[in-house]
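Peer 1: got a structure for you, letters missing:
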Ligand SMILES: NC(=O)N[C@H](N)C(=O)O
Ligand SMILES: [Mn+2]
Ligand SMILES: [Mn+2]
């Protein structure tokens, strides 16, 4: 960032900022960025590509003298925690900037009961509730937020296009389900007398899969969801159990407790809420029938986001000019697509208008070491960011 001529600082949540005021320091700023954190066993493009694209475009402008001609201040933010894997939270960095997180966020514990505040302190960042709340940007000081990110899906590769403009981002809910049964000896308790939470969790997870594959067969609509919601739900609804933990985890002991996560997403918020309502009821019914106890905690909820049409059309033109600079004239229309993955833009949409540019990734694979982006597509992402900045209103 400093190499690109930006003023840099690290804030009280560990977000890394680089900013250039330009000649109109009082104008509303354009924010660019993405997240520095990754999931476990991740690829190297998820998040980081957006940060590098922004910095490299500004470095080009620094080197060719255009940086000081920008119409408005431009700030790159590398967000500290978007995935939310460690604290089952998500958007900790962008949420603090957008002002959508309570100060109690600092007390959220990780699996080892170390809180956000303690982890920040380990990185010599002393954060208080007051300094945390002061991270919120004034909406009047921000013009918009743009994020470049790998698609993490197969569409751009299928249509043979390196870049795409994001129409909107699916809403998401993260649940934590805890099932408590009767712990016992694996060798002595007859099957008919068991209250085994592992078997209950297994039945609930299989039910979740079939409900999410065929919601129309399960959801008893009370008129809250129109037919179109059901159709859009079926095409976009995805549910994942990504984590499961057991106690006491010994091979000759009938478990006392099983805890698992549920990640539920859909383009239609009403439909997603209807799924969660219906699925929760069915989970409780299974527990009642099997005489075990069940707790469902809502750990995270983010509504679907529609990207700003003005930013999207500027990103579309920027993608065109990038590809023209690389390949000469192009005939096809720059694709627009929905995002099933969540992004910092969801949090930033509470602060300002947002736009996103997707970059093709091999096989649509992400959240895996197999994640890969062609060099030319990385180049296209940087050129598109540069073109967006050169034509900044
Ligand atoms: N908050 C999130 O949604 N994080 C990731 N980007 C995800 O899609 O899971
Ligand atoms: Mn991710
Ligand atoms: Mn990401």
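Peer 2: Yep, it's here. Because the structure is predicted, anything quoted here is derived from the model rather than measured. Ligands and ions are numbered 1, 2, ... in the order given.

Peer 1: just checking, residue 259 is part of a strand?
Peer 2: Yes - remark: residue 259 belongs to a strand, assigned using DSSP: H, G, I helix; E, B strand; the rest coil.

Peer 1: and residue 264, its phi and psi?
Peer 2: Phi and psi for residue 264, reported as degrees, to the nearest 10, are phi -120, psi 130.

Peer 1: how much space between residue 137 and residue 342?
Peer 2: 20 Å (C-beta to C-beta, to the nearest Å). To be clear about C-beta, it is placed using only N, CA and C from the backbone, and glycine gets the same treatment.

Peer 1: go on, residue 27?
Peer 2: Counting by C-beta to C-beta, the gap from residue 27 to residue 342 is 30 Å.

Peer 1: show me where the stretch 101-250 of the chain has its strands.
Peer 2: In the stretch 101-250 of the chain, the strands defined using DSSP state E, counting those that start in this stretch lie at 142-150, 163-169, 171-180, 184-185, 238-240, 244-247.

Peer 1: okay, residue 137 and residue 342: which has more neighbours?
Peer 2: Per other C-beta atoms under 10 Å, whichever of residue 137 and residue 342 has more neighbours is residue 342, with 23 against 19.

Peer 1: which ones are touching the more buried one?
Peer 2: Neighbouring residues of residue 342 by C-beta atoms under 8 Å, 6 or more residues apart in numbering: 82, 90-91, 169-170, 172, 265, 302.

Peer 1: give me the neighbour count for whatever residue of the stretch 51-200 of the chain ends up closest to ligand 1.
Peer 2: In the stretch 51-200 of the chain, no residue comes nearer to ligand 1 than residue 90, which is 3.7 Å away by C-beta to the nearest ligand atom. Using other C-beta under 10 Å, residue 90 has 23 neighbouring residues.

Peer 1: need phi/psi at it.
Peer 2: phi 90, psi 150.

Peer 1: quick one, grab the pLDDT at it.
Peer 2: Listed pLDDT for residue 90 reads 91.

Peer 1: now do the contacts for the one residue in the stretch 101-250 of the chain that gets nearest to ligand 3.
Peer 2: Closest residue of the stretch 101-250 of the chain to ligand 3, C-beta to the ion: residue 149 (5.8 Å). The contact partners of residue 149, taken as C-beta under 8 Å, 6+ apart, are 34, 46-47, 49-50, 341, 343, 356-359.

Peer 1: mind checking the end-to-end distance for stretch 80-96?
Peer 2: Criterion C-alpha to C-alpha, to the nearest Å; first-to-last residue distance in stretch 80-96 is 10 Å.

Peer 1: what do you get for stretch 30-39?
Peer 2: 28 Å.

Peer 1: show me how far it is from its chain's centre.
Peer 2: Remark: stretch 30-39 is offset 10 Å from the chain centroid, using C-alpha atoms, centre = their mean, to the nearest Å.

Peer 1: quick check: buried residues in that stretch?
Peer 2: For stretch 30-39, burial by neighbour count (16 or more other C-beta atoms under 10 Å) applies to 30-39.

Peer 1: same deal with stretch 311-329?
Peer 2: For stretch 311-329, the neighbour count (16+ other C-beta under 10 Å) marks 311-312, 314-316, 318-323 as buried.

Peer 1: go on, stretch 116-134?
Peer 2: Result for stretch 116-134 [16+ other C-beta under 10 Å]: buried residues 116-117, 119-120, 125, 127, 132.

Peer 1: what two of the residues you listed are the furthest from one another?
Peer 2: Using C-beta to C-beta, the two most remote members of these are 119 and 132, lying 13.5 Å apart.

Peer 1: now, which of the buried residues of stretch 30-39 sits nearest ligand 3?
Peer 2: Scanning the buried residues of stretch 30-39 for proximity to ligand 3, where the rule is C-beta to the ion, the winner is residue 35, at 5.7 Å.

Peer 1: how much space between that closest one and residue 375?
Peer 2: 22 Å.

Peer 1: which segments of the chain make up each domain?
Peer 2: Domain assignment of the chain by automatic domain parsing yields the ranges 2-169+304-390, 171-302.

Peer 1: quick revisit: hey, which of the strands of the stretch 101-250 of the chain is tucked in deepest?
Peer 2: Across the strands of the stretch 101-250 of the chain, the average number of neighbours (mean count of other C-beta atoms under 10 Å) peaks for strand 142-150, which reaches a mean of 26.

Peer 1: close to ligand 1, is it?
Peer 2: No - Strand 142-150 does not reach ligand 1 (C-beta under 6 Å from any ligand atom); its nearest approach is 8.6 Å.

Peer 1: run the chain-centre distance for that strand.
Peer 2: Centre-to-centre, strand 142-150 and its host chain are 14 Å apart (C-alpha atoms, centre = their mean).

Peer 1: quick one: mean pLDDT over it.
Peer 2: Across strand 142-150, pLDDT averages out at 98.

Peer 1: got the buried residues for stretch 108-118?
Peer 2: Buried residues in stretch 108-118, counted by 16+ other C-beta under 10 Å: 108, 116-117.

Peer 1: now do the helices in the stretch 51-200 of the chain.
Peer 2: For the stretch 51-200 of the chain, applying DSSP state H, counting those that start in this stretch gives helices covering 92-98, 116-122, 129-133, 155-159, 197-213.

Peer 1: ok, the buried residues of stretch 311-329 vs ligand 3, which is closest?
Peer 2: residue 315 (17.4 Å).

Peer 1: show me the contacts for the closest one.
Peer 2: Here residue 315 is in contact with 146, 165, 355-357, 384, 388 (C-beta under 8 Å, 6+ apart).

Peer 1: thanks again, I'm all set now.
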